[in-house]
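J.: I would like the atomic coordinates for the input below:
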Amino acid sequence: MKRIFEILVSIVCLSICYESNAQNDVYLVSDPQNARWSYIETDSNGKHILTTYYSIDSIEGDGVNGSIRMSLEEVEAASPKDTIKDFMFYRFKDGEFMVDVSAGIEYNIFEDKLDSIVCNTIKEKYPDLTEEQKKEVLEKTKSEFIKTSGEIRGIPRYPEVGKLPDYEFYSKVSIMSMTVRSEERRIVGTEKIQTKAGWFDCFIMEETITTKSMMMKEVEKIKSWYAYGIGLVKEMTYDKNGKLISTMILDEVNW
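T.: Numbering: from 1, shown residues only. Sure thing, here's the model as predicted:
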């Protein structure tokens, strides 16, 4: 079962840069242009429903303050010939690995779908504008069409057992609005776990996420295992009553 807010809150990509507690080194994927990894998602009964492949499309800055665009390809187990390709956007803010929701919304709404339409409309409506003026009108159109506030917090720079800051993110695209709120966010301990990709020393993060969109409200509890130099290794999603919905596990790492 795919969560409706997966693009917004699922920190599913591997961490490209993590800073060591013991050293001032930043761990980087050795070959970003060719790095590729994947996750297997299963339903509450352990049935394979989805495989998602990730790779790095572009990186700007570094693991302290920078941004990353990831490309992904989703393959449904029931119909492997039907694939979905998309991008996910992340950033580092003072070393914290976070979802860049605003960049993702702007890409999906404008660059991927409407940018050319808006540009053509501006050209037809304002034929005498210079290229620079057309860009200004386009940016103004974007700012009026898309409203966002808050941020989606991610993996802390130096994870320690204890409570983490809650967060809330609000977005409005035209008349469609969504609010994502994370509460009871904390690191509860450490565990060494094994997947098909190998053994990993992980810290465990838990949070309760409430998503409101128009007439819909969804509450889910997330338990995630993260490892240094790897990122997300395992994630289990439960409904508000504690019933398992799905499990996502790191399947393969190539770098």
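J.: number of nearby residues for Y39?
T.: Using other Cβ atoms under 10 Å, Y39 has 26 other residues around it. Placement of C-beta: from N, CA and C, glycine included.
J.: that one pairs with what?
T.: Using DSSP bridges, the bridge partners assigned to Y39 are T52, L250.
J.: now name the helix or strand holding M178.
T.: Here M178, judged by DSSP states H and E, is contained in strand 176-195.
J.: also A103?
T.: Judged by DSSP H and E, A103 forms part of helix 101-106.
J.: isn't there a strand covering G229?
T.: No: checked against DSSP: H, G, I helix; E, B strand; the rest coil, G229 lies outside a strand; its state is coil.
J.: so what's the backbone phi/psi at it?
T.: G229 has phi and psi values of phi 80, psi 0 when expressed as degrees, to the nearest 10.
J.: that one: neighbour count?
T.: Count around G229 with other Cβ under 10 Å applied: 14.
J.: run through who's touching the strand or helix carrying F89.
T.: Using DSSP H and E, F89 sits in strand 83-93. Strand 83-93 is contacted from outside by 7, 11-13, 17, 57, 61-76, 97-101, 103-104, 107-108, 154, using Cβ atoms under 8 Å, 6 or more residues apart in numbering.
J.: repeat for stretch 37-51
T.: Stretch 37-51 has contacts (Cβ under 8 Å, 6+ apart) with 1-2, 12, 14, 52-55, 74-78, 196-197, 232, 243-255.
J.: picking up where we left off before, for the helix holding A103, which helices and strands make contact with it?
T.: Helix 101-106 sits against helix 6-9, strand 83-93, strand 146-150, strand 167-173, with contacts defined as 3 or more Cβ pairs under 8 Å, 6 or more residues apart in numbering; DSSP states H and E.
J.: let's see 7 Å
T.: strand 83-93, strand 146-150, strand 167-173 (3 or more Cβ pairs under 7 Å, 6 or more residues apart in numbering; DSSP states H and E).
J.: mean pLDDT lowest for which of these?
T.: Of all the helices and strands packed on helix 101-106, strand 146-150 carries the lowest average pLDDT, namely a mean of 82.
J.: and it, what's buried?
T.: Of all the residues in strand 146-150, those buried under the rule 16 or more other Cβ atoms under 10 Å are I146.
J.: now do that strand against strand 176-195, angle only.
T.: Interaxial angle of strand 146-150 relative to strand 176-195 (axes from the mean of the first three to the mean of the last three Cα atoms, to 10 degrees): 50 degrees.
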